[in-house]
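> give the three-dimensional model of this entry:
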Amino acid sequence: MSLLRSVISSCILLILSSLLLLSCQKAEMEAPVLTADPALVQTWRYPCGPACDASAWVLVMQNGIAYEAPDLPANFQIDDQPVSVQYRRTGRKSTFNPGTGLEIISIVAIRPR
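All right, here's what the predicted structure looks like:
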């Protein structure tokens with residue numbers, strides 16, 4: 001019986017140690033992406049209620065994928081401006097109902113093309 005308790009105690013200690021080790025590791029962030037081809041800055045309008053229109057700044061990549069860019073610097077907020085941009089994907093979408101429905105990105109670096 002004491003051997004069984006010892007084995008169970010060892011297993012529990014091993015499991016707890018593993019959980020502690022896993023919880024202390026930093027989450028891996030996706031590496032920033034630098035566009036090789038220019039992206040286009042655009043303003044997209046969307047309904048935000050019965051008598052309401054809203055807009056968001058969007059970056060449209062050469063492959064047609066569009067991302068919402070809420071932290072687009074003011075000097076780049078020009079429709080159809082081509083830019084090179086380094087960004088991180090967040091995996092989040094706007095919480096503003098219904099919003100653009102696009103994934104939000106975090107801009108790391110941006111420059112005109």
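> where in this structure is pLDDT low?
Counting by pLDDT under 70, the low-confidence segments of the chain come to 1, 7, 11, 13-14, 16-37, 96-98.
> the helices in it, which residues?
Listed in chain order, the helices of the chain (DSSP state H) span residues 2-24.
> contacts for stretch 67-75?
Contacts made with stretch 67-75 from outside it, assessed by C-beta atoms under 8 Å, 6 or more residues apart in numbering, are listed as 41, 56-59, 61, 87, 89, 93-94, 99-100, 102-107, 110. C-beta coordinates here come from the backbone N, C-alpha and C atoms, glycine included.
> buried residues in that stretch?
By neighbour count, and taking 16 or more other C-beta atoms under 10 Å as the criterion, the buried residues in stretch 67-75 are 67, 68, 69, 72.
> stretch 42-56 now?
Judged by neighbour count (16+ other C-beta under 10 Å), stretch 42-56 contains these buried residues: 42, 44, 46, 56.
> ok, stretch 80-89 next?
When neighbours are counted by 16+ other C-beta under 10 Å, the buried residues of stretch 80-89 are found to be 83, 85, 87.
> and of the residues you listed, the nearest to residue 6?
For residue 6, the closest of the buried residues of stretch 80-89 turns out to be residue 87, at 53.6 Å, with distances computed as C-beta to C-beta.
> can you give me the distance of the closest one to residue 81?
Counting by C-beta to C-beta, to the nearest Å, the gap from residue 87 to residue 81 is 16 Å.
> one more: residue 99?
For residue 99, the distance to residue 81 under the criterion C-beta to C-beta works out to 22 Å.
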